[in-house]
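1. build the 3D model from these lines:
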Amino acid sequence: MKVLVIGGGGREHAIIKKLKENKRVEKIFCCPGNGGISADAECVKIKATDIELMVGFAKQNSIDFAVVAPDDPLVAGMVDALNNEGIKTFGPNKAAAIIEGSKVFSKNLMKKYNLPTARYEVFENSSDAIAYIKAANEFPVVIKADGLALGKGVIIAQTLDEAVEGVTSIMEDKIFGASGNKIVVEEFLTGPEVSVLAFTDGKTIKPMVSSMDHKRVYDNDMGPNTGGMGTIAPNPHYNEKIAAECMQKIFIPTIEAMNKEGRSFSGCLYFGLMLTPKGPYVIEYNCRFGDPETQVVLPLLETDLLDIMLAIYDKKLDQIDIKWKNSAAACVVMASGGYPKSYETGKRINGLDKNGQVDGAFVYHAGTNAIDGEYFTAGGRVLGVASTGGTLAEALQNAYKAVEKISFEGAHYRKDIGKKA
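-> Numbering: from 1, shown residues only. Here you go, the predicted structure:
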């Protein structure tokens, strides 16, 4: 089989490494890919959002199966375009991807179908939003851009001044462009956060191993939000009792709600949850594999990933038994100096072998270039260094041991991944 993976980060690298385990896979293309991915797939410089070029490439190269991994092309309708040309795909269509593409849509969906979520209001202009926040006078308060914002469209304002600045930056200064034309203002919830990715074909839903993301850039959850600085799996706060409650009150009702809306969801649905004193609440949905959650979840998957994806395409997910390793995984993200703000690229990465790896870990490349057998930084998040172990402590020890073997100018990473577990 010829497989096309659309995207170019650490998540895509993790997906590709897992797909390579299937003996029927003879060739994997990745568009656009990156330096590290080029050791595992043929990278072709087509933007992940260029639907016309991507579909043309897939037809020209007789692609048997395509995996659309990032949010942007999913929300733009990449799956629809590939399906229209008879190409089998993994990922939701445009109608279903709105569950991530619009925070307003997803919050209204939760309200309509009584799914547990934070109290909220939607605003289309900054003055109304600021007046509401002033009148409520409850802090911290959460401010979310409606549209896609690279995982950074959420501001947790501790004071009125911070809230005014947040609303103004999103709605007036347009720091997230048109994604900030509307905003959601919602109550601040407390409790441990849990990420649960789930396979679904729109009829059956099968949750994956739970995980814990670390969004803030610095140790002790300090500094601005990022796309994610590290992950662990499974999440120790998420036990069997909570999992059963989430299945009955959140996971199945979400799939049923989307079906009732005529937006049947097929692919990987990501549930961002908070375990509040009142029970599990939905913080957000994503319409795809999380990054860097994928980098700890897929190494624990025993069942073949391509078999699962094909079963989802054929609406036969109920016929496949998905098994997981009884172990733990940890991923530490190595980022460029200055990230998530401005940063320099082109720094030589030391310590990697010719395939961009180190012993004792999976090195998932998020932002790298490969030049003459050497690797250079090419993004904010550069590498996700992941490892497994019999226990979480062992997995973390293995991951950090591997991180110490790698260096590049300005590299920074959190030293406290998994400490909250």
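2. quick one, domains of the protein?
-> 2-93, 119-187, 193-319, 328-403 (automatic domain parsing).
3. may I see these organised as JSON lines, with distance to residue 101, mean pLDDT and mean neighbour count added?
-> (Each C-beta comes from the backbone N, C-alpha and C, glycine too.) What follows is the domains of the chain, written out as JSON lines (distance: least, C-beta to C-beta, whole Å; pLDDT from 0 to 100; neighbours: other C-beta atoms under 10 Å):
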{"stretch": "domain 2-93", "distance to residue 101": "4", "mean pLDDT": "98", "mean neighbour count": "21"}
{"stretch": "domain 119-187", "distance to residue 101": "6", "mean pLDDT": "96", "mean neighbour count": "17"}
{"stretch": "domain 193-319", "distance to residue 101": "7", "mean pLDDT": "97", "mean neighbour count": "20"}
{"stretch": "domain 328-403", "distance to residue 101": "22", "mean pLDDT": "97", "mean neighbour count": "20"}
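4. tabulate those domains (a markdown table), appending distance to residue 111.
-> Converted to a markdown table, the domains of the chain look like this (distance: least, C-beta to C-beta, whole Å):
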| stretch | distance to residue 111 |
| --- | --- |
| domain 2-93 | 21 |
| domain 119-187 | 8 |
| domain 193-319 | 11 |
| domain 328-403 | 31 |
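5. so who does residue 280 touch?
-> Taking C-beta atoms under 8 Å, 6 or more residues apart in numbering, we find residue 280 in contact with 116, 194, 242, 245, 246, 249, 250, 273, 274.
6. the fourth one: which element?
-> What it means is residue 245. helix 240-246 (DSSP states H and E).
7. export only the CA atoms of that helix, formatted as CSV.
-> The C-alpha trace of helix 240-246 is given here as CSV (Å, rounded to 0.1, in the frame of the first residue of the first chain):
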residue,chain,number,x,y,z
GLU,A,240,-11.5,3.3,35.6
LYS,A,241,-14.4,4.9,37.4
ILE,A,242,-13.8,8.3,35.8
ALA,A,243,-13.3,6.6,32.4
ALA,A,244,-16.7,4.9,32.7
GLU,A,245,-18.4,8.2,33.7
CYS,A,246,-16.7,10.0,30.8
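8. and that helix, what does it pack onto?
-> strand 267-276, strand 279-286 (3 or more C-beta pairs under 8 Å, 6 or more residues apart in numbering; DSSP states H and E).
9. and those: which comes nearest residue 169?
-> strand 279-286 (19.8 Å; C-beta to C-beta).
10. tell me the angle the closest one makes with strand 267-276.
-> 140 degrees (axes from the mean of the first three to the mean of the last three C-alpha atoms, to 10 degrees).
11. quick one on the thing from earlier: as CSV, the helices and strands packed on helix 240-246 with distance to residue 225 would be great.
-> Below are those laid out as CSV (distance: least, C-beta to C-beta, whole Å):
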stretch, distance to residue 225
strand 267-276, 13
strand 279-286, 12
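12. gap between the helix holding residue 245 and the chain center?
-> Centre-to-centre, helix 240-246 and its host chain are 22 Å apart (C-alpha atoms, centre = their mean, to the nearest Å).
13. same for the helix or strand where residue 98 lies, what does it pack against?
-> Per DSSP H and E: residue 98 is located in helix 94-101. Contacts defined by 3+ C-beta pairs under 8 Å, 6+ apart place helix 94-101 against helix 71-76, helix 78-84, helix 103-112, strand 267-276, strand 279-286.
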